[in-house]
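Enquirer: A structural model of the following input is requested.
(chains A and B)
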Amino acid sequence: MENIPQGRSLWADARKRLFSNRAAFVALIVLSMITILSIFGPLLSPHAFDSIDWDFVGSPPNFEKGFPFGTDAVGRDLFVRTMYGARISLMVAVVASLVSLIIGVTYGSISGFIGGRTDSYMMRFVDVFYSLPFMFFVILLMVFFGRKIYLVFLAIGAVEWLDMARIVRGQTLSLKRKEFVEAAVAGGLTKWQIIRKHIIPNTLGSVAVFLTLTVPKVILLESFLSFLGLGIQEPMTSWGVLISEGADQMETAWWSLLFPATFLATTLFCFNYIGDGLRDALDPKDR
Amino acid sequence: MSSHLNPLLHVENLSVDFEVGRKSLFSKPKLLHAITDVSFNLMPGETLGIVGESGCGKSTLGRAILNLVKISGGKVVLDGVDLGALSETELRKSRKDMQMIFQDPLASLNPRLNIKQIISEPLEIFFKELSKADIEKRVLEMMDVVGLSRSYINRYPHEFSGGQCQRIGIARAMIVRPKLLICDEAVSALDVSIQAQIVNLLMDLQKEFKTSIIFISHNLSVVRHISHRILVLYLGRMAELAEFSELYNHAHHPYTRALISAVPTPDPKISKEKKSTILMGDIPSPINPPSGCPFRTRCPKAQDLCAQVRPEFKDHGSNHFVACHFPD
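Expert: Numbers count the residues shown, from 1 in each chain, chains lettered A, B, ... in the order given. Prediction:
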């Protein structure tokens, strides 16, 4: 049994199409570069993210002294702070999206597959969560538990999984009428085995697309919370905090707004392009 | 088929109702009677063809036998075991003995799994003790049996034609050596030349594995190739049941006669001479079936009696059962 040709799985097909989409491919590379830079960038700089240089308060970009992005109003290096901000923003994005992915996909597929009354109850519960005012929810969390970083993850994750659950439920409803699911029932699989093996893998196409569109939303949400002072606590920072500070002094220190904002915008662009590319790559109508 | 043997499958007064059109939370739902009072026996190694027009409950009957839809009345006894009395776990285990082949070959295969994963799935469920190598060996053997090249084992469903997909579906069903195989319109989505191949494959498999087959189709000319006996359904009720040649030559029920006369004949001379009965009108609504005989609204011979009394399904000799007040 040598020479057995490997089949082209739908994922292999999609990957090929994604990589041949120039915009998505460039976006993927730029995004990886930003990620790598945010991890290793701070090592290149002589300054720490929270060390204050009293000789260079509010300095414009100065390459000789090792401040490529300039310094902020209290003399901290903006390059290192932007990279730390990137870490936090990307981490929030990844963790909150993963939380929404896991809860949303599990919840949605169970609700859709079991159907009937269980489905109604589970979806009404989602509706109740939807109707909670988000800001009020976050402010309450912060007031009761203090400003902790994981609360930001929790708050965003608790809201984002609702959309995911709805999308997966919709997909599941159409999938469970397919003949291969009936074949799986006839094949003696349990409900949970069917959900795991036949339902979830077939929803992952739209889930992947939705996820890449959730990530920028989460980054913006975190920036928004930090901008309002509900997110990350000093001296730790995120892009939202940096942009908020930069916006206060953009008339005198343009660099403090320009660099974090450029990074944020580029990242969001990249995610949106990847999302677009994924949607095209996974759309079976293309075939 | 000798009748002194114990039947493999015994279906007794099987009924399936669906709730439809519930307008508000508190109004009583309407019932759609998909299957009403269907009873028959199936012998080991026998093929029963089930025919009828669209919407007469053929597919529902197949699914009800496998307990894929909820049964509202009656019982299905497979090999002496009443399937309705089993718990969910026991029912799952008994599915080893009954498998199904579906109408749409591509839709019945999960597009994310390759052929090996698809065919081996029931094996992994029902024969947990098998090693990976054993499973692969059996999958390869089964692929030989259904006429798929061994080199396809790692491919995915979208890389195959309809006929090949149906072979994959047959391999998945037959790999657990079921005693009962239900083919729900298994060939109607295929080209005519492929239909013949698949029907022949099913007949070969039946000889090899001694499987009983229920072959559901709207196409009498396909059914007659494979079936020993044929059951004609109309509006979820049994209209006629007889051995194939008996039914074909001496159909008693006007509906069966209409069905047979609708089968196209290849010779134009014969088909000109042949007097064909064309049924007028549509099949009545199963939510609100006609009183008396369900066929009376379209029957050329309908009389007052047909509207008042439902004809009994009774034996007219030589195991030929008909439900009609005025059989031919």
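Enquirer: Let me see the ranges of the helices in the chain.
Expert: Let's take chain A. Taking DSSP state H, the helices of chain A run over residues A:10-20, A:22-44, A:78-114, A:116-131, A:134-145, A:149-175, A:179-186, A:191-194, A:200-227, A:239-248, A:255-282.
Enquirer: hmm, I had chain B in mind actually
Expert: Remark: helices assigned in chain B by DSSP H are B:58-65, B:88-94, B:115-126, B:132-145, B:162-174, B:192-209, B:220-226, B:244-249, B:254-261, B:268-273, B:304-308.
Enquirer: Compare the mean pLDDT across those and name the weakest.
Expert: Ranked by mean pLDDT, the helices of chain B bottom out at helix B:268-273, which scores a mean of 66.
Enquirer: quick one on the thing from earlier: of the helices of chain A, which approaches B:Ala64 most closely?
Expert: B:Ala64 sits nearest to helix A:179-186 of all the helices of chain A, at 12.8 Å, using C-beta to C-beta. All C-beta atoms are positioned from the backbone trio N, CA, C, and that covers glycine.
Enquirer: and the angle from that closest one to helix A:149-175?
Expert: With axes from the mean of the first three to the mean of the last three C-alpha atoms, to 10 degrees as the basis, helix A:179-186 and helix A:149-175 are set at 90 degrees to each other.
Enquirer: hmm, back to that, and the helices of chain B as JSON lines, adding mean neighbour count and distance to B:Met43?
Expert: Shown next, in JSON lines, are the helices of chain B (neighbours: other C-beta atoms under 10 Å in any protein chain shown; distance: least, C-beta to C-beta, whole Å):
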{"stretch": "helix B:58-65", "mean neighbour count": "24", "distance to B:Met43": "15"}
{"stretch": "helix B:88-94", "mean neighbour count": "13", "distance to B:Met43": "19"}
{"stretch": "helix B:115-126", "mean neighbour count": "22", "distance to B:Met43": "24"}
{"stretch": "helix B:132-145", "mean neighbour count": "15", "distance to B:Met43": "24"}
{"stretch": "helix B:162-174", "mean neighbour count": "25", "distance to B:Met43": "19"}
{"stretch": "helix B:192-209", "mean neighbour count": "16", "distance to B:Met43": "12"}
{"stretch": "helix B:220-226", "mean neighbour count": "19", "distance to B:Met43": "15"}
{"stretch": "helix B:244-249", "mean neighbour count": "16", "distance to B:Met43": "14"}
{"stretch": "helix B:254-261", "mean neighbour count": "21", "distance to B:Met43": "22"}
{"stretch": "helix B:268-273", "mean neighbour count": "9", "distance to B:Met43": "34"}
{"stretch": "helix B:304-308", "mean neighbour count": "14", "distance to B:Met43": "33"}
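Enquirer: among those helices, which is nearest B:Pro44?
Expert: Distance to B:Pro44, taken as C-beta to C-beta, is lowest for helix B:192-209 among these, at 10.6 Å.
Enquirer: just to revisit the earlier point, now render the helices of chain A as CSV, adding distance to B:Leu190, mean neighbour count and mean pLDDT.
Expert: Below are those laid out as CSV (distance: least, C-beta to C-beta, whole Å; neighbours: other C-beta atoms under 10 Å in any protein chain shown; pLDDT from 0 to 100):
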stretch, distance to B:Leu190, mean neighbour count, mean pLDDT
helix A:10-20, 24, 15, 79
helix A:22-44, 39, 15, 85
helix A:78-114, 30, 22, 87
helix A:116-131, 35, 12, 90
helix A:134-145, 54, 14, 82
helix A:149-175, 24, 21, 86
helix A:179-186, 15, 23, 90
helix A:191-194, 27, 15, 91
helix A:200-227, 24, 21, 83
helix A:239-248, 58, 23, 81
helix A:255-282, 29, 20, 84
